[in-house]
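Visitor: sequence and predicted structure below; questions after.
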Amino acid sequence: MKRIILIRHAKSSWEHQVGDRDRPLKKRGFKDAELVSNAFKGKFVEPDIVFSSPANRAFSTCEIFMKNLNIKTEKLNIAENLYDFGGENVINFLKSVSENYENVMIFGHNHAFTSICNIFGDVYIDNLPTSGLVCISFDANTWPDINNGKTELMIFPRDLK
């Protein structure tokens, strides 16, 4: 069985004069990432590996989750293909993950992550919110074979407030 845990980056700030990749999190983003990661603790399946988009907002969200879930930093990898907004690069990335990994946690962006949740999961999601987490499992033995998964868990900040 293969499982992906998708987390959309937390709310970012547009106040700074920086490029898109460098945008930091807002105060609300830090709070929401803390809230969702803490809610995930009791339902937590430790990932074999963690991948994050190189964008500051995604990486910062990843750091919050890893700290709160006590995931070792050795499991973290930055993946350029996760800096994607359409979803094709993320899907290609997932289909190329090493067969050594069963449970993969990824941090990235919308609309790619909403699309992936709807392509692979069995629950329609209108919009994966910032700091939103979706866990999808697949009855597949290899990553290229993932298809028609089961949406096992959804945690959205608005449901925790």
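Guide: Yes, it's here. Numbering: from 1, shown residues only.

Visitor: ok, the nearest residue to residue 83 once chain neighbours are set aside - how many residues close by?
Guide: Leaving out its chain neighbours, the residue that sits closest to residue 83 by C-beta to C-beta, 6 or more residues apart in numbering is residue 53, at 4.5 Å. For glycine as for every other residue, the C-beta is placed from the backbone atoms N, C-alpha and C. The number of residues packed around residue 53, counting by other C-beta atoms under 10 Å, is 25.

Visitor: quick one: residue 53 and residue 108 touch, right?
Guide: Yes. With contact defined as C-beta atoms under 8 Å, residue 53 reaches residue 108; the gap is 4.6 Å.

Visitor: in what helix or strand does residue 94 lie?
Guide: helix 88-95 (DSSP states H and E).

Visitor: distance from that helix to the middle of the chain?
Guide: 13 Å (C-alpha atoms, centre = their mean, to the nearest Å).

Visitor: packing partners of it?
Guide: strand 103-108, helix 112-120 (3 or more C-beta pairs under 8 Å, 6 or more residues apart in numbering; DSSP states H and E).

Visitor: the nearest residue to residue 116 once chain neighbours are set aside and residue 72, how far apart?
Guide: Spatially, and ignoring its direct neighbours in sequence, residue 116 is nearest to residue 87 (5.4 Å; C-beta to C-beta, 6+ apart). Counting by C-beta to C-beta, to the nearest Å, the gap from residue 87 to residue 72 is 29 Å.

Visitor: the more surrounded of those two?
Guide: residue 87 (20 against 9).

Visitor: helices along the chain, start to end?
Guide: For the chain, applying DSSP state H gives helices covering 27-40, 56-68, 88-95, 112-120.

Visitor: so who does the residue nearest to residue 116 touch?
Guide: 111, 112, 113, 115, 116, 119 (C-beta atoms under 8 Å, 6 or more residues apart in numbering).

Visitor: try 6 Å this time
Guide: Counting by C-beta atoms under 6 Å, 6 or more residues apart in numbering, residue 87 touches 112, 115, 116.

Visitor: how about residue 121?
Guide: Residue 121 neighbours (C-beta under 6 Å, 6+ apart): 136, 149, 151.

Visitor: look up how far residue 78 lies from it.
Guide: Counting by C-beta to C-beta - residue 121 and residue 78 are separated by 25 Å.

Visitor: burial of residue 147, as a residue count?
Guide: By other C-beta under 10 Å, the burial measure for residue 147, its neighbour count, is 11.
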